[in-house]
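> Okay, sequence plus prediction incoming.
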Amino acid sequence: MNMPDLLRASRDVHVLTEKPNTEDWGSERFWSMRIEGLHHDHIRGAVDELRSRWSRPIPKQIARSVKSVALQDALARTLGAQSASQIIH
């Protein structure tokens, strides 16, 4: 591969986002989420992808930390916004 090919190559971007509604510490405190971009649809997609890792019903010990709105807000804060609603508007 030459340099222009390397610069145009697509890469998956993963973000470490703090788990909402938990008191875990260390590496257990974060979810690794793949995100495609900064549009609010990308944030929703990243949350949906994370939630799809578990079959329904989601186990109780995990359910509190994978609520959709809380995860969207946590991911938005990781990306520098105050909340997901700030990105939507």
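Everything's here; your move.
> Just the CA trace of stretch 45-54, in CSV.
Taking C-alpha atoms only, stretch 45-54 is exported to CSV below (Å, rounded to 0.1, in the frame of the first residue of the first chain):
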residue,chain,number,x,y,z
GLY,A,45,-26.8,3.5,16.2
ALA,A,46,-23.8,3.1,18.6
VAL,A,47,-26.2,2.7,21.5
ASP,A,48,-28.4,0.2,19.6
GLU,A,49,-25.3,-1.8,18.6
LEU,A,50,-24.2,-2.0,22.3
ARG,A,51,-27.6,-3.0,23.5
SER,A,52,-27.8,-5.7,20.8
ARG,A,53,-25.0,-7.6,22.5
TRP,A,54,-27.5,-9.2,24.9
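> So for that stretch, what gets flagged as buried?
Across stretch 45-54, burial judged by 16 or more other Cβ atoms under 10 Å covers 45-47, 50-51. All C-beta atoms are positioned from the backbone trio N, CA, C, and that covers glycine.
> for stretch 58-71, same thing?
Buried, per 16+ other Cβ under 10 Å, within stretch 58-71: 65-67, 70-71.
> Could you tell me the end-to-end distance of it?
One end of stretch 58-71 sits 15 Å from the other (Cα to Cα, to the nearest Å).
> Give the rounded mean pLDDT of that stretch.
Mean pLDDT, computed over stretch 58-71, is 84.
> Repeat that for stretch 42-52.
90.
> So what touches it?
15, 31, 33-36, 58, 66, 68, 71-72, 75-76, 79, 84, 87 (Cβ atoms under 8 Å, 6 or more residues apart in numbering).
> can we see that at 7 Å?
With Cβ atoms under 7 Å, 6 or more residues apart in numbering as the test, stretch 42-52 has contacts from 31, 33-36, 66, 68, 71-72, 75-76, 84, 87.
> Buried ones only from those residues, please, as a PyMOL command.
With 16+ other Cβ under 10 Å as the burial test, the buried ones among the contacts of stretch 42-52 are selected in PyMOL as follows:
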select buried, resi 31+33+35+66+71+72+75+76+84+87
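> Now secondary structure and distance to residue 4 too, for the buried residues of stretch 58-71, in TSV please.
Formatted as TSV, the buried residues of stretch 58-71 follow (DSSP: H, G, I helix; E, B strand; the rest coil; distance: Cβ to Cβ, whole Å):
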residue	secondary structure	distance to residue 4
65	helix	42
66	helix	40
67	coil	43
70	helix	42
71	helix	37
